[in-house]
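*Asks:* quick one, structure for this:
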Amino acid sequence: MDRRLFLAAGGSLLATPALAQAPACTQAVPNSELVKAGTLTLSTNPTLPPMQFVDGQGVLRGMRVELGAEIARRLCLQVEHVRVEFAAMIPGLAARRWDMINTGMFYTEERQRLMWLVRYEQQAISVSVPRGNPRNIRRIEDLAGLRVGVEQGGFEFRRTTDMSNDLVARNLRPLTIRAFDNFAVSFQALRAGQLDAAISIDSTGKEYDDRGEFTRAISGLYGTPINFGFRSRPLAQAVATALTAMKADGSFQTLLDRFGVTAYDGPFEVVGPS
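*Replies:* As a prediction, this is how the structure comes out:
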């Protein structure tokens with residue numbers, strides 16, 4: 001190397017001592033609370049754009065993916081995502097296959113009895129129909145007797161069952177509910193004309209409407225907080241603390257605003273088995 005360049009480079013390094021002496025990141029959670037040392041392992045079902053999905057290059061993307069990665073960074077942990085169907089997530093958490101469920105799980109009292117939860121987002125349910133809404137569906141009553149697809153086993157499936165039972169209670173025809181392994185398959189069935197409507201969350205219904213693929217006929221049903229799920233209470237507390245710091249510096253709201261998502265209006269606190 002030219003001596004003058006070598007000296008110039010050396011001078012530059014000496015001029016930035018703060019970078020050279022930056023303190024090492026201290027891991028916020030002991031490895032005993034993690035499935036894999038130094039790593040926050042997250043489970044996600046990437047079938048809900050724009051919240052969690054796989055792009056055309058096979059890369060995992062979405063608001064919840066970015067939020068999970070930022071939380072891991074603030075805890076001084078590497079981040080790994082495990083892609084899995086929702087029905088396997090709670091059993092997998094209990095079996096120590098991952099540390100945290102990060103898939104947009106709705107809060108329920110039943111889930112609070114099973115695991116530690118941190119609520120952070122507000123969501124509701126939407127009804128998507130073929131483009132142009134050929135059946136002119138405006139209300140739940142308009143779905144009576146129609147074929148409706150939904151992911152099996154979760155909050156959306158239960159609320160779809162509630163809709164059907166409510167229709168019957170009002171002397172209307174029940175829904176023909178078709179349960180699928182995930183939301184992506186349900187929307188494929190709607191696209192193929194095998195369904196009259198598909199149930200998902202508000203963010204995904206809006207995303208498909210904005211893309212011009214399906215019309216969001218009904219939205220805002222059964223509004224409920226979304227939470228992360230944990231086996232470890234210390235990890236849940238560390239994540240709640242990281243979210244509180246993100247809220248204080250504005251980065252949490254900035255991220256949610258970019259995706260048009262409403263934040264949970266309460267504190268980021270850990271709730272779980274009493």
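*Asks:* for the helix or strand containing residue 40, what is the distance to the chain centroid?
*Replies:* Assigned by DSSP states H and E, residue 40 belongs to strand 39-44. On the basis of CA atoms, centre = their mean, to the nearest Å, strand 39-44 sits 12 Å off its chain's mean C-alpha point.
*Asks:* one more: stretch 129-138?
*Replies:* That offset, for stretch 129-138, works out to 27 Å (CA atoms, centre = their mean).
*Asks:* for it, which outside residues touch it?
*Replies:* Residues outside stretch 129-138 that contact it (CB atoms under 8 Å, 6 or more residues apart in numbering): 127, 142-143, 146, 190, 193, 196-198, 212-215, 217-218. For the C-beta atoms, the positions are set from N, CA and C on the backbone; glycine is no exception.
*Asks:* can we see that at 6 Å?
*Replies:* With contacts defined as CB atoms under 6 Å, 6 or more residues apart in numbering, stretch 129-138 is touched by 197, 215, 217.
*Asks:* over to stretch 259-269?
*Replies:* With CB under 6 Å, 6+ apart, stretch 259-269 has contacts from 50, 63, 118-122, 225, 240, 243-244, 256.
*Asks:* could you rerun that using 8 Å?
*Replies:* Here stretch 259-269 makes contact (CB under 8 Å, 6+ apart) with 50-51, 62-63, 118-123, 203, 206, 225-226, 240-241, 243-244, 247, 252-253, 256.
*Asks:* likewise stretch 78-95?
*Replies:* 36, 38-46, 54, 60, 65, 68-69, 72-73, 97-98, 100-103, 105, 111, 114-115, 151-154, 181-182, 229-231.
*Asks:* show only the entries of those found in strands.
*Replies:* In strands, judged by DSSP state E, the following of these are found: 39-44, 54, 60, 100-103, 105, 151, 229-230.
*Asks:* and these, which two are furthest apart?
*Replies:* 39 and 151 (27.7 Å; CB to CB).
*Asks:* neighbour count winner among those two?
*Replies:* residue 151 (26 against 15; other CB atoms under 10 Å).
*Asks:* and residue 25, what does it touch?
*Replies:* So residue 25 contacts residue 76 (CB under 8 Å, 6+ apart).
*Asks:* separation between it and residue 210?
*Replies:* 38 Å (CB to CB, to the nearest Å).
*Asks:* so for the strand holding residue 40, mean pLDDT?
*Replies:* Mean per-residue pLDDT for strand 39-44: 98.
*Asks:* count of neighbours near residue 76?
*Replies:* With other CB under 10 Å as criterion, residue 76 counts 14.
*Asks:* buried sites along stretch 128-141?
*Replies:* 128-130, 133, 137, 140 (16 or more other CB atoms under 10 Å).
*Asks:* which pair in those spans the largest distance?
*Replies:* Across those, the longest distance by CB to CB is 17.7 Å; it joins 130 and 140.
*Asks:* now do the helices in this structure.
*Replies:* Ranges of helices in the chain, per DSSP state H, are 3-14, 17-20, 63-74, 89-94, 109-114, 155-169, 183-191, 202-211, 233-249, 251-258.
*Asks:* can you tell me which helix or strand of the protein has the lowest average pLDDT?
*Replies:* Here the helix or strand of the chain ranked lowest by mean pLDDT, DSSP states H and E is helix 3-14, holding a mean of 37.
*Asks:* ok so, going back, just the buried ones from the ones in strands among the contacts of stretch 78-95, in PyMOL syntax?
*Replies:* Applying 16+ other CB under 10 Å to the ones in strands among the contacts of stretch 78-95, the buried members can be selected in PyMOL as follows:
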select buried, resi 40+41+42+43+44+54+60+100+101+102+103+105+151+229+230
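*Asks:* in TSV: the buried residues of stretch 128-141, plus distance to residue 80.
*Replies:* Output for the buried residues of stretch 128-141, formatted as TSV (distance: CB to CB, whole Å):
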residue	distance to residue 80
128	32
129	37
130	38
133	41
137	41
140	40
